[in-house]
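Novice: Test case, fold it:
(2 chains)
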Protein chains: 2
Amino acid sequence: MNHSRIIVDTIIEAKWIIPVDPYEVVLDQHAIVIDKGIIVDILPLSTTRSRYHAQEIISLDQHALIPGLINLHTHAAMTLMRGIADDLPLMEWLNKRIWPTEHQFINPQFVFDGTQLACAEMITGGITCFNDMYFFPDSCAEAVISSGMRAAIGMVVIDSPTTYANDCEDYLAKGLKVRDRYQDHSLLSFCLAPHAPYTVSDSTLRNILTYAEQINVPIHMHIHESSSEIQINLESTGIRPIERLRQLDLLGPDLIAVHMVHLTDYEIKLISQHGCSVAHCPSSNLKLANGIAPVQALLEQDINVGIGTDSAASNNRLDILSEMRQAALLTKLNSEKAGILSAHQFLKMATLNSAKALGLEKTIGSLSIGKAADITAIDFSHFNLQPCYDPVSHLVYIADREHVSHVWVNGKILLNNKQLMTLNSQELQYRANFWQERIATTLKH
Amino acid sequence: MNHSRIIVDTIIEAKWIIPVDPYEVVLDQHAIVIDKGIIVDILPLSTTRSRYHAQEIISLDQHALIPGLINLHTHAAMTLMRGIADDLPLMEWLNKRIWPTEHQFINPQFVFDGTQLACAEMITGGITCFNDMYFFPDSCAEAVISSGMRAAIGMVVIDSPTTYANDCEDYLAKGLKVRDRYQDHSLLSFCLAPHAPYTVSDSTLRNILTYAEQINVPIHMHIHESSSEIQINLESTGIRPIERLRQLDLLGPDLIAVHMVHLTDYEIKLISQHGCSVAHCPSSNLKLANGIAPVQALLEQDINVGIGTDSAASNNRLDILSEMRQAALLTKLNSEKAGILSAHQFLKMATLNSAKALGLEKTIGSLSIGKAADITAIDFSHFNLQPCYDPVSHLVYIADREHVSHVWVNGKILLNNKQLMTLNSQELQYRANFWQERIATTLKH
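Specialist: This next block holds a predicted model:
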């Protein structure tokens, strides 16, 4: 009999598909069918080729397909400062190393080069989308566009002048102008990004809230990262930062609260009641000796927790696979329960939960029919992943960036058999070296 | 003029050499000269070729050479049980999953296959030597010999019968026989390996001590891993395990105390006074929710601390690079000081300190003239390691197994441009699959 097959762009056949939604499901020997950048079907291999005719069929018979990983908090351009300031506490790290280097070097070219390098690193680690906060967001947007990734661009605001902007009004005006310019780009979204409670005044925060409501974007902010920052707020205002944000009406479902290491039970309840999301950055919190965010307690209060890397200056890598592993291990430590949460939970945090925090859960975060084809393939054929009794366990506890073989965003391939398709690695090396030579001379003084 | 050059086997030229001894030194543009498996010189590139004539010159112009990493605690054969029992507390993990599976499956072939797979994994991660504790140590020894690695083979003793041995005398007799057979092998050394205080009786421990002194080998033992194990000892004897070991005279410079998570100040002093070594296994201790060993307090008391992975059933990988990173991050967390210890300290733990624990510090653990050429090369050319202001920082905080390019043991190459030279990866896959199929059927019941 002659059945007519549906013509589509791409079929990706895989050993396993882990869609994340539905939760805790592992599909054996299935395929994802993609047309015009959208997932149009997920079905058993046995029926795929009889039902669809694809321009391109990619067979990954030793691989798992997962939703593209999302990095819920980073400062991509700081990749150019990777490892320049190890082993310092947060405030010293900021005041003595990061801010002086930024003051001397950052400009649009620095941000473009640093963000491209970060995009390359993230693509090789299976990350398809990131939430950025940095100066010169227009340069960040251009670098993201060149990479083919998806990103939420931060309209950063901080109450001190930089080479980028003079004062909070200038930051806001510049940020909003970038959003106006790029808001029709299908892979870009935007956040208002006040740096932190200790660097942004009440009046600026009120202003930001007004804009966030008008243009309907999330607010992306460092909150309760270190105990010293809480102390500063207590001394200047008599209340802790989260209480201050509550009084300013900033707590709500559009708030992405980054770090959230030091929390009282009352604060956790507040965050839950207001439906805020949390961006958990476990390695950065350890490296700066800030502590461990109480992930288990947050989840028990139904708070949406995603995962971020923070910048390469405090991590020192932009690797969500290792952050999933770190988050899983630290939750066991903190709860003193080895069986506290399954590996599935951490994969969900790094995909669907982060998508929800960005307001993008209808577009990305799971391998679901109708969503964008933002997909990462993990190659399980290496003997370092053998034997394999449970691919989700291996994904969280073992898989490294070396096992990431393919990455697609909106159905477009960005990593093909570990080769970058949109960025030129030699050019990236050249630009990294250019900046390293300049920055290194200042470190010797 | 015609200078006569010294004829040697191999010259390895590198961008950086990090010898570990002398401490905190990074040599730029140097070479290691190897003859008959021994490091005979380390000198600047500019003078190497005029002074030496080598059969083979290897130029690694984007690489750092470090001493081969040492895995101070593992159960290599358990790699065949990688990830079969996630998310369970230690005692449940042992009683319900690991021990029943072992009871059903382990035999000499299981141990040989599992150890070979582990050796392959460790070689790809830059590990040149490991300290093993498992049943059928003769099969372990054979697998190690086939891989070309160096290992300390555990003569395991446990007060319960297994398919390997009937009772403690049988374990001891079999272990000693293995040592007799292989003691002249240049790459093998031996430890007496009583499993743990809660599984070995006083009389057996006395017996072990006698043998350890007679044949001059270290004692390798799990100690104070979980709080429940301490509780068991308290209930049965009225004292904590370390006090019991003190009374039995087991504390001494030949003791490698593994885990040491739960320690009082008195116990730390005891360990220091007796010159014991500690094998720190940070990921395993997190994964089984046991806690964090007080590394900083141990170092302050001049205790020799090395690093181990534990088995792939509780980690789930045998990767000392990631354990160094984990150890560094957890020390910052535990001390609440971001600047507590430098990256150099953790590289030393994973090399020279572990060598010292094994009594092998005259042979391995640093890149020093007269020591064996056990060397690992890390390729820094990937853009994920760019820019690089400090190679030791990148080594500890960023480098993954994918960056390990070459490994030598006694001057023999085991990994050449990421290719295994002694083991066959297809055969390893086939054997892993063979055991997986058998073990997996029992997990479904």
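Novice: phi, psi of the closest residue to A:Gly114 other than its chain neighbours?
Specialist: Leaving aside its sequence neighbours, A:Gly114 sits nearest to A:Ala77 (CB to CB, 6 or more residues apart in numbering or on different chains; 3.3 Å). In this view, the C-beta of every residue, glycine as well, is placed from N, C-alpha and C. Backbone geometry at A:Ala77, expressed as degrees, to the nearest 10, gives phi -60, psi -20.
Novice: what about A:Ala77, neighbour count?
Specialist: A:Ala77: 28 surrounding residues under other CB atoms under 10 Å in any protein chain shown.
Novice: Next: A:Ile57.
Specialist: With other CB under 10 Å as criterion, A:Ile57 counts 14.
Novice: That one: helix or strand, and which one exactly?
Specialist: strand A:52-67 (DSSP states H and E).
Novice: Let me know the pLDDT of the residue nearest to A:Gly114.
Specialist: pLDDT recorded at A:Ala77 is 97.
Novice: quick one: contacts for it?
Specialist: Each residue near A:Ala77 by CB atoms under 8 Å, 6 or more residues apart in numbering or on different chains is listed here: A:106, A:110-115, A:118, A:134-136, A:139-140.
Novice: Go ahead and flag the most central residue of chain A.
Specialist: A:Asn71 (1.2 Å; CA atoms, centre = their mean).
Novice: and the helix or strand encompassing that one, which strands flank it?
Specialist: Per DSSP H and E: A:Asn71 is located in strand A:69-74. Strand partners for strand A:69-74, identified by DSSP bridges, are recorded as strand A:127-132 (parallel).
Novice: Need the contact partners of the strand it pairs with.
Specialist: Contacts for strand A:127-132 (CB under 8 Å, 6+ apart): A:68-76, A:115, A:118, A:122, A:140, A:149-154, A:191, A:220, A:256, A:279, A:308, A:318, A:320, A:354-355, A:357-358, A:360, A:364, A:374-376, A:407-409, A:414.
Novice: what's the answer for stretch A:40-53, then?
Specialist: By CB under 8 Å, 6+ apart, stretch A:40-53 touches A:3, A:5-8, A:11, A:13, A:17, A:19, A:27, A:29-34, A:57, A:367-369.
Novice: roughly how far is that stretch from the heart of the chain?
Specialist: Its chain's C-alpha centre and that of stretch A:40-53 lie 32 Å apart, by CA atoms, centre = their mean, to the nearest Å.
Novice: Flag every buried residue along it.
Specialist: Using 16 or more other CB atoms under 10 Å in any protein chain shown as the test for burial, stretch A:40-53 gives A:Val40, A:Asp41, A:Ile42, A:Leu43, A:Leu45, A:Thr48, A:Tyr52.
Novice: what sits against A:Ser139?
Specialist: Going by CB under 8 Å, 6+ apart, A:Ser139 touches A:Ala77, A:Pro108, A:Gln109, A:Val111, A:Phe112, A:Thr115.
Novice: what is the orientation angle of the helix or strand hosting the third one with strand A:69-74?
Specialist: When secondary structure is defined using DSSP H and E, the element that contains A:Gln109 is helix A:108-124. Our comparison of helix A:108-124 with strand A:69-74, counting by axes from the mean of the first three to the mean of the last three CA atoms, to 10 degrees, yields an angle of 150 degrees.
Novice: Which parts of helix A:108-124 count as buried, going by neighbours?
Specialist: Within helix A:108-124, the residues scored as buried using 16+ other CB under 10 Å are A:110-124.
Novice: what's that helix packed up against?
Specialist: strand A:127-132, helix A:137-147, strand A:412-416, strand A:419-420, helix A:425-443 (3 or more CB pairs under 8 Å, 6 or more residues apart in numbering or on different chains; DSSP states H and E).
Novice: Show me which helix or strand of chain A is least confident by mean pLDDT.
Specialist: helix A:90-92 (a mean of 78; mean pLDDT, DSSP states H and E).
Novice: do that one and chain B meet?
Specialist: Yes. On the criterion CB under 8 Å from any CB of the partner chain, helix A:90-92 is in touch with chain B at A:Leu90.
Novice: tell me which residues in that helix are buried?
Specialist: Quick answer for helix A:90-92 (16+ other CB under 10 Å): A:Leu90.
Novice: Which residues does it contact?
Specialist: A:Glu225, A:Ser226, A:Ser228, A:Glu229, A:Leu288, A:Asn290, B:Ala338.
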